[in-house]
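Colleague: sequence? don't have it. structure:
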């Protein structure tokens with residue numbers, strides 16, 4: 001069980017925690033924002049988010065460099081001007097996500113549903129009909145903090161796994177915000193595993209993100225144009241429990257309105273070789289994440305380097321008692337699969353957030 005716990009990665013992390021000039025500064029900014037939000041019209045709040053996002057983009061060279069490098073992998077043929085434009089939008093998206101997180105308590109519950117358009121919800125219903133739980137895997141795309149509340153609003157038992165950030169006061173405050181509408185927040189680590197397994201046995205919904213490795217428990221698979229370490233937790237859980245692994249993503253249509261797209265469940269490979277199955281299934285996840293992010297790269301709110309291959313470890317032998325396959329780094333180039341979502345070209349016009 002401890003081995004499985006190591007593979008359970010967080011669903012979301014405050015992307016600006018590392019670049020805010022101190023976690024306590026972020027905590028106080030969120031608290032002040034929560035107090036002022038009911039007094040400030042939403043249109044003004046989102047306007048301020050744009051200004052703050054651009055200011056952080058211009059003022060933090062290290063984070064800007066990480067985002068530009070991530071976008072280079074997403075669209076290698078795109079111009080630097082294209083990458084700069086969408087990098088600025090990434091920072092704006094990240095700030096808007098924090099803003100929405102603090103204002104969620106002041107949003108009417110019925111209004112919250114009206115602000116979220118969902119396509120493909122039948123895939124969730126079909127997965128729940130199997131009775132073995134649902135693992136929804138996504139990217140840090142769009143307004144994921146608020147959209148994560150949607151299943152709980154429909155009465156489904158829902159949990160999200162998050163990284164235990166420091167200081168504890170910040171972590172506790174973020175957990176309170178994320179659980180405002182009934183979502184259970186589970187800190188990553190061994191203590192989360194029993195709760196996750198119970199949730200899936202009760203046919204609940206577990207929300208996780210698969211686009212960034214923050215624990216070091218990952219595998220290198222081809223992601224866009226190069227190998228990247230992606231977390232193995234969601235795939236390992238699905239293989240271990242039989243839960244349905246369901247790709248889904250969200251993008252902002254406007255600052256307030258979001259679109260959620262739920263794709264058909266992944267058909268996991270089961271050959272009897274746990275390590276090989278893990279890598280092949282993780283490659284399926286990578287292809288799904290690519291399609292999600294290509295929908296609008298400027299809403300991919302990850303401010304850390306994704307292609308940091310030195311973080312990749314191989315803990316599966318400890319977890320499942322197997323020997324890692326020596327050729328797990330070999331993966332075929334990612335080709336087209338009939339999806340209408342394609343990478344943007346350098347000539348694409350700007351698409352402001």
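Modeller: Yep, it's here. Because the structure is predicted, anything quoted here is derived from the model rather than measured. Numbering: from 1, shown residues only.

Colleague: C-alpha only now, for contacts and for neighbours.
Modeller: OK.

Colleague: all helices for the stretch 201-350 of the chain, in order.
Modeller: 233-241, 274-295, 316-320 (DSSP state H, counting those that start in this stretch).

Colleague: ok, of those, where does mean pLDDT dip lowest?
Modeller: Ranked by mean pLDDT, the helices of the stretch 201-350 of the chain bottom out at helix 316-320, with a mean of 33.

Colleague: hang on, the earlier thing: which one of the helices of the stretch 201-350 of the chain lies nearest to residue 227?
Modeller: helix 274-295 (10.2 Å; C-alpha to C-alpha).

Colleague: so what secondary structure elements neighbour the closest one?
Modeller: strand 218-223, helix 233-241, strand 244-252 (3 or more C-alpha pairs under 8 Å, 6 or more residues apart in numbering; DSSP states H and E).

Colleague: try 10 Å this time
Modeller: Where contact means 3 or more C-alpha pairs under 10 Å, 6 or more residues apart in numbering; DSSP states H and E, helix 274-295 is packed against helix 61-74, strand 134-138, strand 218-223, strand 226-231, helix 233-241, strand 244-252, helix 316-320.

Colleague: now it against strand 134-138, angle please.
Modeller: 50 degrees (axes from the mean of the first three to the mean of the last three C-alpha atoms, to 10 degrees).

Colleague: so when I look at residue 113, I'm seeing a helix, right?
Modeller: Yes. Residue 113 forms part of a helix when assessed by DSSP: H, G, I helix; E, B strand; the rest coil.

Colleague: Tell me how many other residues crowd it.
Modeller: Residues lying near residue 113 (other C-alpha atoms under 10 Å) number 16.

Colleague: Now that it has come up, it's in contact with residue 148, right?
Modeller: No. Counting by C-alpha atoms under 10 Å, residue 113 sits too far from residue 148 to count as a contact (11.7 Å).

Colleague: What residue, apart from its backbone neighbours, is nearest residue 148 spatially?
Modeller: Counting by C-alpha to C-alpha, 6 or more residues apart in numbering, the nearest residue to residue 148 once its immediate chain neighbours are dropped is residue 207, at 7.3 Å.

Colleague: Show me what the one you found is bridged to.
Modeller: Counting by DSSP bridges, residue 207 is bridged to residue 136, residue 160.

Colleague: residue contacts, it?
Modeller: Neighbour list for residue 207: 10-12, 134-138, 148, 151, 158-162, 183, 185, 234, 246, 248 [criterion: C-alpha atoms under 10 Å, 6 or more residues apart in numbering].

Colleague: ok, 8 Å please
Modeller: 11, 135, 136, 137, 138, 148, 158, 159, 160, 161 (C-alpha atoms under 8 Å, 6 or more residues apart in numbering).
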